[in-house]
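> from the sequence below, what's the structure:
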Amino acid sequence: MVFELLFTHPAWAYRSGAFAFASAWPRWTLAGAVVFGVALVALTLSRRRELGWRKLLALGALQATFVALALALLWRPVLNVERVRDRENILAIALDASASMGYGEDGRSRTAQAVAALQSGPLGRMAETFEVRLFGFSQAAHAVDSLDALAPEGSQTRIGEVLTQVLQSAGSAPLAGVVLVSDGAENGGTLDEERLAQIASFGVPVHTVGVGPETSAGDLELERADVPGSAPPGARVPAQISVRHDGAAATRVRVYDRETLIAARELQLPAEASLTTVTLDLPPLSAGAHQLRFSLDPLEGERNTINNTRLRVLDAPAARRHILYLEGEPRWEYKFLRRAAERERALRIASVVRTTPNKHYRQGVMSPAELIDGFPAAAEELYAYDAVIIGSYEAATLRPAQHELLRDFVDKRGGSLLMLAGRQGLAAGGWGRSALAQTLPVQLPEDENARFVQRVAHAQPTVYGLESAIAKLDDDPRRNAERWANLPQLADWQTLGRLKPGAVVLLEAASGPKREPLLVWQHYGRGAAFVLGSASTLRWQMRMPPEDLSHETFWRQLLYAMTSLAPQRATLASERIVYDDERSVVLQAQLRDERFEPIDDAHVELHVAPERDPAFLQTMQSSGRGDGRYTAVIDAASTGLYRIDMRARRGAEDVGAAIAHVLRNDGVAEHFGVRQHRDVLERIAAVSGGRYWSLDELDSLAAAIPYSRAGVVERQTLDLWNLPIVFLMLLALKLAEWLLRLRWGRL
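You can find the predicted model right below:
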């Protein structure tokens with residue numbers, strides 16, 4: 001190489017070494033000698049003033065540089081480096097043999113490209129210095145005698161586990177480094193921060209070699225298709241879809257429930273973005289488990305179409321959600337609110353309306369004893385509801401203990417609360433001074449603004465409202481905005497006061513240029529609190545054609561949103577809903593009693609029903625931390641949908657039941673993210689002290705590895721005074737001076 005011809009030593013010796021002077025003379029004497037030499041040059045040239053200051057400056061710079069360089073050589077400049085001892089260290093080379101490495105260009109797989117690049121010379125040069133050990137890997141590393149035997153067929157890439165295994169395999173032998181050759185498509189979840197810290201703790205540099213292009217031209221990938229794990233039957237279900245693409249493209253996303261098409265949408269993918277995310281609202285689903293398939297129409301000539309499809313499972317439990325509605329007067333808003341939800345089998349509104357000071361009217365109760373005394377006085381009675389609505393009802397009507405109970409309903413039980421405007425509602429009803437006030441998303445005013453007055457305003461969704469399922473009157477964003485704009489004006493609205501830091505405004509009341517919050521919510525403790533500052537949404541029903549269902553849709557979606565936030569006494573969930581190429585399913589359950597206190601002494605059993613194999617039983621283990629949590633790991637040996645029924649007993653008493661569904665899917669994980677993930681490889685190299693290399697830089701990698709500081713190393717002192725480049729520089733300085741003098745005619 002030209003570099004080593006001029007500088008004698010390899011480039012990596014200069015990058016890793018430390019410059020020093022080998023002479024025993026102190027450095028200050030060198031500095032003094034240089035200063036003296038430069039002064040002598042200046043004194044000599046000062047006698048030739050007839051040349052002019054520009055020519056003198058040029059000659060002075062050349063002569064001073066010559067003097068300084070010549071003096072520096074007298075102090076013997078050296079390079080102190082640490083280099084591994086030849087043939088006394090091990091170098092591990094791990095080559096990715098997962099299925100994603102089967103993709104390639106020009107008819108050759110990435111695995112074949114990597115093998116050819118290594119065997120073209122770099123592997124032989126590494127073997128001159130190290131004992132090279134070869135590994136192939138996908139989910140686990142295995143030693144191989146030759147790279148020619150590797151074929152890209154692994155169904156998953158677990159880089160973190162593989163690196164740990166390779167680093168541990170050296171045992172007590174000196175390991176100078178690891179060369180990881182991969183596209184970085186880690187999909188086994190083994191590269192978290194804890195694993196990276198473990199890899200770094202070995203003190204062995206991992207040099208990563210990236211294979212494959214960093215973009216996938218002409219390919220669409222459905223990177224994400226996120227839906228809730230469960231939703232009430234009949235509720236609108238939002239799905240967030242992310243499509244990865246390179247360049248502008250047009251496609252259509254289709255959603256199937258098994259084989260039935262339930263939703264579709266045209267997507268225009270812009271050229272300026274590589275990831276496009278949209279929200280698609282799925283239609284209300286019936287009770288039961290739904291296996292959803294999200295699919296992108298392929299581009300013309302697209303080779304990899306497996307990554308155009310994602311499978312998800314959504315459970316619509318048949319259990320009803322219960323809402324307690326407390327109203328202080330038989331007003332029209334109460335009537336139309338109940339009417340909007342009465343056809344929803346998944347919802348039940350049990351209401352108490354005060355008709356006279358000492359008389360209440362109950363509707364929607366399940367037994368004669370339910371709400372017999374009006375608002376509940378015991379936690380187990382109130383906690384049986386998922387949400388509470390309070391209308392035009394004075395706060396002073398409830399006892400202090402009931403106020404505390406309402407606050408705990410939101411905070412500890414995790415229920416949802418909705419406060420409605422009215423003559424005796426919100427601040428006008430004294431709720432701003434109650435214990436419940438701290439749960440609300442607004443600071444209710446205490447002045448004349450607290451009054452409930454009749455004034456017209458349009459209800460308009462905010463940016464957050466347009467993204468929320470509550471304000472979706474139509475799936476199409478343009479038509480949704482038009483429907484809100486065409487709704488009749490509200491006849492009244494109440495000033496809600498100052499927003500709290502966690503408040504989210506979904507609707508605003510627009511009256512001329514003035515806008516005020518109309519529907520606001522926030523999380524509080526385990527639950528959520530909503531405030532609606534109007535009692536005239538009934539006008540959306542009364543002043544619109546009978547076929548327009550905007551009023552019913554709004555209230556149905558608001559009630560579903562509220563109840564879906566409230567946890568149940570018994571819950572069962574898995575870490576993931578879909579397990580791609582992985583058979584260990586981790587399940588977690590939580591049990592609470594009627595007061596929502598944790599249950600830790602129950603016997604919890606799972607009945608696991610695979611789609612293709614016989615059902616089996618498995619017991620869950622308590623966490624032992626007093627939090628009512630239980631865990632289990634089941635073996636999903638076959639592909640398909642798994643129904644998991646949980647039953648919990650404490651002695652002879654049933655204390656909880658829940659159902660979960662998971663989907664085991666094989667042979668697809670390696671077909672997603674098939675581009676080179678350079679960021680992953682660079683992160684591994686950075687934390688371990690290695691470096692990222694491209695495939696065409698393997699020659700440089702072979703030259704750099706001997707200067708690793710791991711393994712058995714030796715210190716070397718490399719002389720720099722006798723480098724060819726030094727003498728060429730001295731010659732060039734004097735030659736340049738001679739040419740200048742010759743040009744000026746002054747020798």
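
> which helix or which strand is home to the residue nearest to the spatial centre of the chain?
Residue closest to the average C-alpha location in the chain (CA atoms, centre = their mean): residue 224, at 10.7 Å. Counting by DSSP states H and E, the element that carries residue 224 is strand 221-226.

> adjacent strands (with direction) for that strand?
Strand 221-226 has the following strand partners under DSSP bridges: strand 237-244 (antiparallel).

> and the contacts of the partner strand?
For strand 237-244, contacts defined as CB atoms under 8 Å, 6 or more residues apart in numbering pick out 216, 220-228, 231, 251, 253, 255, 267, 269, 274-285, 294, 296, 314, 469. Where C-beta positions appear, they are placed from N, C-alpha and C, glycine not excepted.

> distance between stretch 711-718 and the chain's centre?
Offset of stretch 711-718 from its chain centre (CA atoms, centre = their mean, to the nearest Å): 44 Å.

> show me which residues of that stretch are buried.
711, 713, 718 (16 or more other CB atoms under 10 Å).

> what does it contact?
Contacts for stretch 711-718 (CB under 8 Å, 6+ apart): 8-9, 13, 17, 22, 78-85, 88-90, 174-177, 204.

> try stretch 27-34
21, 67, 68, 71, 72, 74, 75.

> can you give me the neighbour number for the closest residue to the fourth one other than its chain neighbours?
To tie it back to what came earlier, the one meant is residue 71. Of all residues beyond its chain neighbours, the one nearest residue 71 is residue 33 (5.0 Å), with distances taken as CB to CB, 6 or more residues apart in numbering. When neighbours are defined as other CB atoms under 10 Å, residue 33 has 18 of them.

> then residue 726?
Neighbour tally, residue 726, other CB under 10 Å: 19.

> okay, and it sits in which element?
Secondary structure assignment for residue 726, by DSSP H and E: helix 724-744.

> what's the offset of that helix from the middle of its chain?
Per CA atoms, centre = their mean, the centroid offset for helix 724-744 relative to its chain is 61 Å.

> by contact count, what packs against it?
Counting contacts by 3 or more CB pairs under 8 Å, 6 or more residues apart in numbering; DSSP states H and E, helix 724-744 packs against helix 2-7, helix 53-74.

> format the ones you listed as TSV; extra columns: mean neighbour count, distance to residue 603 and mean pLDDT.
Compiled in TSV, these are given as follows (neighbours: other CB atoms under 10 Å; distance: least, CB to CB, whole Å; pLDDT from 0 to 100):
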stretch	mean neighbour count	distance to residue 603	mean pLDDT
helix 2-7	12	73	76
helix 53-74	16	83	84
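
> what segments of the stretch 51-200 of the chain are helices?
Remark: helices assigned in the stretch 51-200 of the chain by DSSP state H, counting those that start in this stretch are 53-74, 110-119, 122-129, 159-169, 193-201.

> relative to residue 383, how far out is residue 362?
19 Å (CB to CB, to the nearest Å).

> what about those two, which has more around it?
Remark: of residue 362 and residue 383, residue 383 carries more neighbours, 23 against 14, as counted by other CB under 10 Å.

> excluding its backbone neighbours, what's nearest that one?
Using CB to CB, 6+ apart, the nearest residue to residue 383 is residue 413, at 4.8 Å.

> so what's the residue count around that neighbour?
23.

> picking up where we left off before, just want the angle from the helix holding residue 726 to helix 53-74.
Relative orientation of helix 724-744 and helix 53-74, computed by axes from the mean of the first three to the mean of the last three CA atoms, to 10 degrees: 160 degrees.

> buried residues, helix 724-744. List them.
726, 733, 736, 737.

> about what we covered before: okay if I get the contacts of stretch 27-34 as TSV plus distance to residue 553?
Shown next, in TSV, are those (distance: CB to CB, whole Å):
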residue	distance to residue 553
21	83
67	89
68	84
71	88
72	84
74	91
75	86
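
> where does pLDDT dip in the stretch 601-747 of the chain?
Applying pLDDT under 70 to the stretch 601-747 of the chain picks out residues 746-747.

> and with 90 instead?
Applying pLDDT under 90 to the stretch 601-747 of the chain flags the ranges 612, 624, 637, 651-652, 665-670, 672-674, 699-730, 732-734, 736-747.

> tell me where it has helices.
Under DSSP H, counting those that start in this stretch, the stretch 601-747 of the chain gives helices at 678-688, 698-704, 724-744.

> tell me which of those helices sits nearest to residue 464.
Minimum separation from residue 464 across those (CB to CB) falls at helix 678-688, 31.2 Å.
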